[in-house]
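Visitor: Below is the structure, and that's it, no one-letter string:
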């Protein structure tokens, strides 16, 4: 969806949560403290910008943000829009499903364009929201 020399934003390939984004740091590091303070600020600004775009376009009940990397220790953040009728709500998306869940339509072009525009503004030092 977007990338620069430091990080990238992708849509996760999870059919149950099709609007889940991953913000991935390009250089192989395992933890946030492996980054400089400046790089940590940048990475989190990208995460917050993605969250803001998801909230504006999809109007989810909640956004979950997680950094795990237990199996592949490469720094990345999951930004997951949650709806009260998704398969796991109110539990974590990694818990046992509570119901079949309703597939929410995502407007991927609109989401892609919004994230790209917001992060372009961030790169130029302008407010993203």
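Guide: That came in fine, so what should we check first? Computed from a prediction, not measured in an experiment: that's the story for all the values here.

Visitor: Break down this structure into its strands, ranges please.
Guide: 2-3, 7-11, 21-25, 62-66, 76-82 (DSSP state E).

Visitor: Any chance you could list what contacts the shortest one?
Guide: Right, the one you point to is strand 2-3. Identification of contacts with strand 2-3 by C-beta atoms under 8 Å, 6 or more residues apart in numbering yields 8, 9, 26, 112, 115, 116, 119. Every C-beta, even on glycine, is put in place using the N, C-alpha and C of the backbone.

Visitor: strand partners of it, parallel vs antiparallel please.
Guide: strand 7-11 (antiparallel) (DSSP bridges).

Visitor: what does the average pLDDT come to for the strand it pairs with?
Guide: Averaging pLDDT along strand 7-11 gives 95.

Visitor: looking at the chain, which helix or strand is least sure?
Guide: In the chain, no helix or strand scores lower on mean pLDDT, DSSP states H and E than helix 108-123, which sits at a mean of 86.

Visitor: ok, back up a step: report the buried members of the contacts of strand 2-3.
Guide: Among these, those classed as buried by 16 or more other C-beta atoms under 10 Å are 8, 9, 112, 115, 119.

Visitor: All good on my end, thank you.
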